[in-house]
Each structure stands twice: as structure tokens, then as C-alpha cells.
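Novice: this is the structure alone, sequence omitted:
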Ligand SMILES: Nc1ncnc2c1ncn2[C@@H]1O[C@H](COP(=O)(O)OP(=O)(O)OP(=O)(O)O)[C@@H](O)[C@H]1O
């Protein structure tokens, strides 16, 4: 479901004299349906950069990053938007939402955007929020004032509302207590069992060992820097 071939990325720092910072070169990676691949490598090796190239908000400079049948390196913005609506889900570390939208709507929104009837979308959102221990009294409130861990759980509920064929997970268990961490790991296992292809960054080593089928060390794609 994810096919990355000879992908490269460099940043041009326009506000720092146009310095060119090569970050990835010759990156190759495959994630099959039902598989979870974990990205590893030292801080700064390019894990988040590679994830953002798959998500389509960092442009791929060389090679191909194909999700389903769309090459993100060549795609038009409207194709990326359609891919994100139907195929590609992303649980980032931090929740970004429009202020004043109630939590239940935030979680149901990906389903409503796909035309799922409102009662079904809200029922699915409620089921996930309950499973992730967000008290029902909070569902009608905007999550902007929630605690870090509550916001992360709302973000996870939103990311798992629609059964995306491809999922990107950035530290999904980072600030969770044991019970909620267990729920998130179970959600990941269920997504794999229904055939989702998952690419993730997990600093939580036991979590990584449990859900990842393979690890890919991104430092293998780090260009040799001039001494
Ligand atoms: N938008 C950007 N502009 C310029 N340089 C960037 C940008 N994003 C990332 N980089 C650089 O790319 C390199 C890789 O960063 P990245 O965040 O992908 O690493 P990482 O492996 O995810 O690190 P960490 O584990 O610390 O999160 C770093 O040297 C970083 O400074």
C-alpha cells in the first residue's frame, strides 16, 4: 500500500543564505496491507520528514512515494486531499482543531466528510471516545482546553474513526497512562487485522515491539554530510 523508491529530500533554508540541507537520499520502503512498519534512527535522522513526505505536506524532491496508486511526488493538491479523505489517515502528536467545534464533531468529521449518515458517524465517534476514556461530559465541549493526554486521545479517536487503508502514526502512545496505552495498542492491532498498512514512529519500545512487524532505520537514508 506504501511504496517508497529512491526518495530524496533536501531543505533549502532561504532565510539563512539559501543553505541546502540534504536530509534523505535513496530511501526505499514498502508497507504491505496488514503490516506495521516502525521508523527508527537517531534524533534528526529524518523519521518525521519521511512521514511528512508520505502525508504529502513535505514535497518529495527525488524518487517516488506511492500510496495506493497515487505518487505524492507528482500529485496535485486536490489528489492529495482526496487521498487523505478516503485512504490515508494520520495521527499526529498534537491535535489541531478549529476552535469551538465540539469533541464529538471533531471525531465524527472524517466520517461526515465521506458522506456517512450523521447518526452513524456520531455513534462511531461516541464508541471511540468511550473506549478511550474521554468522559461523556466533555463530548459537547471543544477539545482546545483539554489536557495533553485528553487531546492526544481525541486525536487518536479521530484518526481511527474511518477504517483508512493506510495509517501514519506519530508517537501514538506518547503521553498516555497504562490503560489508555493498552487501548491504543489494541486499536492498532485491530487496524492491522482488517488490513491497514501502518507506518509509525514509536519511541515507546515495548509498544513498538508489540505492534511493529518490521523496523526500518532511517539513518540508512541519511546523506553523508561533508566533514
Ligand atoms: N521544515 C524544515 N526545514 C528545514 N529543515 C528541516 C525541516 N524539517 C526537518 N528539517 C531537518 O531535517 C532533519 C531531520 O529532521 P526530522 O524531524 O525528520 O528528524 P527525526 O528523525 O524525526 O528527529 P526526532 O526523533 O528528533 O523527532 C533535521 O536536521 C531537521 O533540522
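Specialist: Thanks, I have the structure now. These numbers come from a predicted model, not from an experiment.

Novice: give me the contact list for the helix or strand where residue 54 lies.
Specialist: According to DSSP states H and E, residue 54 maps onto helix 47-55. Contact partners of helix 47-55, identified using C-beta atoms under 8 Å, 6 or more residues apart in numbering, comprise 2, 4, 7, 9, 23-24, 27, 29, 39-41, 58-60, 65, 67, 72, 84, 88, 90, 168, 170, 199, 201, 218, 221. Heads up, the C-betas are built off the backbone N, CA and C, glycines and all.

Novice: what of stretch 26-38?
Specialist: 1-8, 50, 63, 165-166, 188, 192-193, 195-202, 208, 211-216, 218, 221.

Novice: what about the ligand: which of the contacts of helix 47-55 touch it?
Specialist: Counting by C-beta under 6 Å from any ligand atom, 23, 41 from the contacts of helix 47-55 sit close to the ligand.

Novice: narrow the contacts of helix 47-55 to those in strands?
Specialist: 2, 4, 7, 9, 23-24, 27, 29, 39-40, 65, 67, 88, 90, 168, 170, 199, 201 (DSSP state E).

Novice: list the contacts of residue 93.
Specialist: Going by C-beta under 8 Å, 6+ apart, residue 93 touches 152, 170, 171, 174.

Novice: how about 10 Å then?
Specialist: For residue 93, the contact set (C-beta atoms under 10 Å, 6 or more residues apart in numbering) comprises 48, 148, 151, 152, 155, 169, 170, 171, 172, 174, 175, 201.

Novice: helices of the chain, start to end?
Specialist: 47-55, 77-86, 103-113, 118-131, 148-161, 178-193, 205-211 (DSSP state H).

Novice: now for the fourth one, which elements pack on it?
Specialist: Packed against helix 118-131 by the contact rule (3 or more C-beta pairs under 10 Å, 6 or more residues apart in numbering; DSSP states H and E) you find helix 103-113, helix 148-161, helix 178-193.

Novice: other SSEs contacting the second one?
Specialist: Going back to what we said before, that points to helix 148-161. Where contact means 3+ C-beta pairs under 10 Å, 6+ apart, helix 148-161 is packed against strand 88-91, helix 103-113, helix 118-131, strand 166-170, helix 178-193.

Novice: and with 7 Å instead?
Specialist: strand 88-91, helix 103-113, helix 118-131, helix 178-193 (3 or more C-beta pairs under 7 Å, 6 or more residues apart in numbering; DSSP states H and E).

Novice: show the backbone phi and psi for residue 101.
Specialist: Note on residue 101: its backbone torsions stand at phi -90, psi 130 [degrees, to the nearest 10].
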